[in-house]
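Participant: below is the sequence, then the predicted model.
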Amino acid sequence: MKTALITGANKSIGLETARQLLQNGYYVYLGSRDLHKGQEAAGQLHAAGLTNVEPLQIDVTDSASIAAARQALGQKTPVLDVLINNAGILGSMSQPPLGTSLSTIREVFATNVFGVIEVTQAFIDLLRKSAEPRIVNVTSGLGSLTLHNDPSWKYYPVKGAAYQPSKAALNAYTIMLAYELRDTPFKVNAVDPGYTATDFNHHSGPGTVADAAARVVKAAVLGPDGPTSQFFSDDNAPETGISPW
């Protein structure tokens with residue numbers, strides 16, 4: 001049975017991603033900063049008959065927490081097949097480039113970029129033991145620099161100094177990581193789940209959590225002939241599903 005770790009998985013898209021991977025026959029470690037919330041989320045899945053899941057406490061902004069999570073997971077399984085870096089924060093709703101504090105920008109980058117890098121580095125040894133390792137970095141369509149410079153883009157006015165640059169940086173890291181792992185069985189991709197109605201955006205998005213999670217799962221279960229180093233976004237590119245960087 002293949003194994004997967006999802007960060008920030010106690011609610012919304014992360015929890016639904018866990019549900020769909022369980023339905024695909026995976027054993028899921030449900031990463032949550034708050035262990036109690038992770039236990040509650042796992043309990044919801046157990047109640048639905050999806051029992052191959054257990055919580056794993058991990059705060060992606062805390063090095064000690066990441067190290068403890070790696071040690072704990074290593075005691076449970078010798079191999080990790082899928083890592084989904086889903087944990088992310090928005091920061092304040094208004095982020096003008098000349099008015100957003102450095103503390104806000106640092107806070108957003110700590111989760112959305114540095115957390116992803118540290119978690120990936122911590123668990124890479126378990127991933128290397130998989131025959132078909134997959135890394136999925138959950139990004140945003142707002143991370144596209146190309147589209148942010150296109151006045152015809154529907155989200156062109158949605159600018160910010162913290163969240164959007166953090167996702168652009170995450171996309172860049174995805175490219176670099178995929179390149180380093182290019183001659184291995186790894187598939188490393190960034191996935192935009194779409195503008196989805198969640199607590200993250202005060203339920204302002206038109207998309208459903210189920211559809212968003214399905215996009216993430218699609219990249220997580222790619223076969224050996226699947227693509228790597230891609231920015232998947234049905235929202236940005238409905239015809240091809242591949243967003244410009």
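Facilitator: Perfect, I can see it now.

Participant: where along the chain do the helices fall?
Facilitator: 12-23, 35-47, 63-76, 102-109, 115-128, 145-148, 163-180, 209-220 (DSSP state H).

Participant: just the buried positions in the shortest one, please.
Facilitator: Neighbour counts over helix 145-148 (16 or more other C-beta atoms under 10 Å) mark 147-148 as buried. The C-beta positions use only the backbone N, C-alpha and C, and glycine is treated the same way.

Participant: just the CA trace of it, in CSV.
Facilitator: What follows is helix 145-148, C-alpha atoms only, in CSV (Å, rounded to 0.1, in the frame of the first residue of the first chain):
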residue,chain,number,x,y,z
LEU,A,145,4.5,36.2,-13.0
THR,A,146,3.6,36.0,-16.7
LEU,A,147,-0.1,36.5,-16.1
HIS,A,148,0.5,39.1,-13.4
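
Participant: which residues touch that helix?
Facilitator: Residues outside helix 145-148 that contact it (C-beta atoms under 8 Å, 6 or more residues apart in numbering): 141-142, 153, 155-156, 159, 164, 168, 236, 243-245.

Participant: let's see 6 Å
Facilitator: Helix 145-148 is contacted from outside by 153, 168, 244, using C-beta atoms under 6 Å, 6 or more residues apart in numbering.

Participant: equivalent analysis for the third one, please.
Facilitator: For helix 63-76, contacts defined as C-beta under 6 Å, 6+ apart pick out 56, 58-59, 118-119, 122-123.

Participant: neighbour-wise, which one of those leads?
Facilitator: Using other C-beta atoms under 10 Å as the neighbour test, those are led by I58, with 30 neighbours.

Participant: quick one, grab the pLDDT at that one.
Facilitator: The per-residue pLDDT reported for I58 equals 98.

Participant: could you do the one 5 residues further on as well?
Facilitator: With respect to pLDDT, S63 has a value of 98.

Participant: could you report the neighbour count for it?
Facilitator: The criterion is other C-beta under 10 Å. On that basis, S63 has 13 neighbouring residues.
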